[in-house]
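K.L.:
need coordinates for the following:
(2 chains)
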Number of protein chains: 2
Amino acid sequence: EIVQAVEAALGATPRPLAGKRIIVTSGPTHEPIDPVRYIANRSSGAQGTAIAAALRDLGADVTFVTGPASVPPPDGVDIVRVETARDMRDAVLNGLPAEAGVFAAAVADWHVANAAERKMKKDGSGKAPALEFAENPDILAEVSGMAAGRPALVVGFAAETNDVVAHATAKRDRKGCDWILANDVSEGTGIMGGTENEVTLISAEGPEVWPRLGKDEVAKRLAARIAEALT
Amino acid sequence: EIVQAVEAALGATPRPLAGKRIIVTSGPTHEPIDPVRYIANRSSGAQGTAIAAALRDLGADVTFVTGPASVPPPDGVDIVRVETARDMRDAVLNGLPAEAGVFAAAVADWHVANAAERKMKKDGSGKAPALEFAENPDILAEVSGMAAGRPALVVGFAAETNDVVAHATAKRDRKGCDWILANDVSEGTGIMGGTENEVTLISAEGPEVWPRLGKDEVAKRLAARIAEALT
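P.N.:
A predicted model of the protein is given here:
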């Protein structure tokens, strides 16, 4: 880190993203069921955190909107902590305008519409209280479709457990984003919660398979591509 | 810690629980919805971890059955890591016989009966897939009601958000355990996930209100009471 700081001070590290604002979302969201229970997902926030750090290293002003992740957020970025998908949407819209948005968070698709203010209890019937779900805001689609103030580059993620490229290509079309970074999170890959990632970058040009890399290396590669695209 | 180790070596610390096996459960459980989503609760595992450490300090052989907690488990205990309530039950039964059981885990009441093997997706209908719930095993009631091999002392916990003593007293009767340590986890108390606890010990003699104490102090007090009861 000292070497990096000295290199940066001396101008030895190129900072192609200097002066560019980029929003990065990261981590899981937690959707309350009652005061003590919630629905979560297995995202550790590791990939989003690495991307924010890599963009910062290229000089970007990073706004880092993070759910309750298990890895600590990076230094040198603006951190906005949120819990639910609805909170995350508000934080993203507050963080605009930005030159790019990288939506790496594993946002819950649904929240519990009838979340209870008191702890739910077993009533002796053996039946669970019925949970009613409502769709969460689709942050990626909303930002991708903005009529005014859309970031020049919108990057989404697709965590799939099967037919990764087909699902992710369809997701890119459906959401209207520019790129999708797709990966296979099925059990046994060790990716979700792990240190490595194996991604396919899907753009208008089609899928581009990247080798299995450390999440830091995936982040550096993506940051370099973002710098190319924005400059 | 050095002082403690030296005192222990010199026999300066009384070890009234030497040779006694005690099972302690701790932390939340995670109940899968699909490969990436799960239902969790806000238990940090701090109180259960402190109790296991306090019992160990009094000489007990502690089997520590822990869900995915955010605080690290104590040293010097047998650690059994589990995820779901069903796994926790199996680990507890495997850990018997024991002189006492302290069931501090925040065990989910229900699991998702129709958990999916593939990641659930939005189908465009705006409707969430219907989750069907099934009741989890009631570890506290099951161990409390064992015809043979029941621990001499079974201690349960009640995390309540209202009418704490009434709910916890009813819980003690319903479960058939010896003691309930009850607390108020409603928002604003700062107990769930915090460092302090304010508990009421409910036994056959009725409720005994303890002052607000650090979770370590609550643990020491409980361990001392357990030592009294078992010796």
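K.L.:
tell me the contacts of the closest residue to A:Ala85 other than its chain neighbours?
P.N.:
Once flanking residues are discounted, A:Ala85 sits nearest to A:Asn136: 3.8 Å by Cβ to Cβ, 6 or more residues apart in numbering or on different chains. Glycine gets a C-beta too; all of them are placed from N, C-alpha and C. Contacts for A:Asn136 were tallied using Cβ atoms under 8 Å, 6 or more residues apart in numbering or on different chains; they are A:29, A:31, A:84-86, A:89, A:107-111.
K.L.:
again, 10 Å this time
P.N.:
Taking Cβ atoms under 10 Å, 6 or more residues apart in numbering or on different chains as the criterion, A:Asn136 is in contact with A:29, A:31, A:84-86, A:88-89, A:107-111, B:122.
K.L.:
low-confidence ranges, chain A, go.
P.N.:
Within chain A, the ranges that satisfy pLDDT under 70 run A:1-12, A:187, A:191-193.
K.L.:
so after the longest strand seen in it, what's the next helix or strand?
P.N.:
Ranked by residue count, the top strand of chain A under DSSP state E comes out as strand A:153-160. The helix or strand immediately downstream of strand A:153-160 is helix A:164-175, counting by DSSP states H and E.
K.L.:
and the gap between the most centrally placed residue in chain A and chain B?
P.N.:
The residue lying closest to the centre of chain A (Cα atoms, centre = their mean) is A:Ala104, at 1.5 Å. Using Cβ to the nearest Cβ, to the nearest Å, one obtains 14 Å as the distance from A:Ala104 to chain B.
K.L.:
wait, isn't that residue in contact with A:Leu181?
P.N.:
Yes. Between A:Ala104 and A:Leu181 a contact is recorded at 7.9 Å, counting by Cβ atoms under 10 Å.
K.L.:
helices or strands up against the lengthiest helix in chain A?
P.N.:
Counting by DSSP state H, the longest helix found in chain A is helix A:215-230. Counting contacts by 3 or more Cβ pairs under 10 Å, 6 or more residues apart in numbering or on different chains; DSSP states H and E, helix A:215-230 packs against strand A:21-26, helix A:46-57, strand A:100-103, strand A:153-160, strand A:179-184, strand A:196-197, strand A:199-203, strand A:213-214.
K.L.:
format the ones you listed as JSON lines; extra columns: mean neighbour count.
P.N.:
Conversion of these to JSON lines gives the following (neighbours: other Cβ atoms under 10 Å in any protein chain shown):
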{"stretch": "strand A:21-26", "mean neighbour count": "28"}
{"stretch": "helix A:46-57", "mean neighbour count": "26"}
{"stretch": "strand A:100-103", "mean neighbour count": "27"}
{"stretch": "strand A:153-160", "mean neighbour count": "24"}
{"stretch": "strand A:179-184", "mean neighbour count": "24"}
{"stretch": "strand A:196-197", "mean neighbour count": "20"}
{"stretch": "strand A:199-203", "mean neighbour count": "21"}
{"stretch": "strand A:213-214", "mean neighbour count": "14"}
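K.L.:
okay if I get those as a markdown table plus distance to B:Asp57?
P.N.:
Output for the helices and strands packed on helix A:215-230, formatted as a markdown table (distance: least, Cβ to Cβ, whole Å):
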| stretch | distance to B:Asp57 |
| --- | --- |
| strand A:21-26 | 40 |
| helix A:46-57 | 36 |
| strand A:100-103 | 48 |
| strand A:153-160 | 44 |
| strand A:179-184 | 46 |
| strand A:196-197 | 41 |
| strand A:199-203 | 48 |
| strand A:213-214 | 41 |
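K.L.:
which one of the ones you listed lies nearest to B:Glu142?
P.N.:
strand A:153-160 (37.2 Å; Cβ to Cβ).
K.L.:
ok, the closest one: who's next to it in the sheet?
P.N.:
For strand A:153-160, the paired strands and their directions (DSSP bridges) are strand A:100-103 (parallel), strand A:179-184 (parallel).
K.L.:
give the contact list for the residue nearest to A:Gly45 when sequence neighbours are not counted.
P.N.:
Distance criterion Cβ to Cβ, 6+ apart; nearest residue to A:Gly45, sequence neighbours excluded, is A:Ala69 at 2.6 Å. Listed by Cβ under 10 Å, 6+ apart, the contact set of A:Ala69 reads A:26-28, A:43-46, A:48-49, A:81, A:105-106.
K.L.:
same check, this time on A:Ala182
P.N.:
With contacts defined as Cβ under 10 Å, 6+ apart, the neighbours of A:Ala182 are A:156-160, A:164-169, A:171-172, A:198-202, A:207, A:209.
K.L.:
ramachandran angles for A:Met91?
P.N.:
Rather than Met, residue A:91 is Ala. Backbone torsions of A:Ala91, given as degrees, to the nearest 10, read phi -70, psi -40.
K.L.:
any figure for the gap between it and A:Ile180?
P.N.:
22 Å (Cβ to Cβ, to the nearest Å).
K.L.:
distance of A:Gly149 from chain B?
P.N.:
Counting by Cβ to the nearest Cβ, the gap from A:Gly149 to chain B is 26 Å.
K.L.:
how many residues are close by that residue?
P.N.:
10 (other Cβ atoms under 10 Å in any protein chain shown).
K.L.:
for the residue nearest to it when sequence neighbours are not counted, give me its contacts.
P.N.:
The shortest distance from A:Gly149 to any non-neighbouring residue, by Cβ to Cβ, 6+ apart, is to A:Pro97 (5.2 Å). Taking Cβ under 10 Å, 6+ apart, we find A:Pro97 in contact with A:21, A:23, A:146, A:148-151.
K.L.:
kindly indicate which of the residues you listed lies nearest B:Gly76.
P.N.:
Distances from B:Gly76 to those, taken by Cβ to Cβ, are shortest for A:Ile23, at 46.2 Å.
K.L.:
what residues are up against the closest one?
P.N.:
Neighbour list for A:Ile23: A:52, A:61-65, A:78, A:80, A:91-103, A:139, A:143, A:151, A:154 [criterion: Cβ under 10 Å, 6+ apart].
K.L.:
go with 7 Å
P.N.:
Residues in contact with A:Ile23 (Cβ atoms under 7 Å, 6 or more residues apart in numbering or on different chains) are A:63, A:65, A:92, A:95, A:98, A:101.
K.L.:
can you check A:Asp138 too?
P.N.:
For A:Asp138, no contacting residues are found, by Cβ under 7 Å, 6+ apart.
K.L.:
tell me how far it lies from A:Lys175.
P.N.:
Relative to A:Lys175, A:Asp138 is positioned 7 Å away (Cβ to Cβ).
K.L.:
ok so, going back, just confirm the residue nearest to A:Gly45 is within a strand.
P.N.:
No. Assigned with DSSP: H, G, I helix; E, B strand; the rest coil, A:Ala69 falls outside any strand and is coil.
K.L.:
for it, give me phi and psi.
P.N.:
Backbone dihedrals for A:Ala69, given as degrees, to the nearest 10, come out at phi -90, psi 160.
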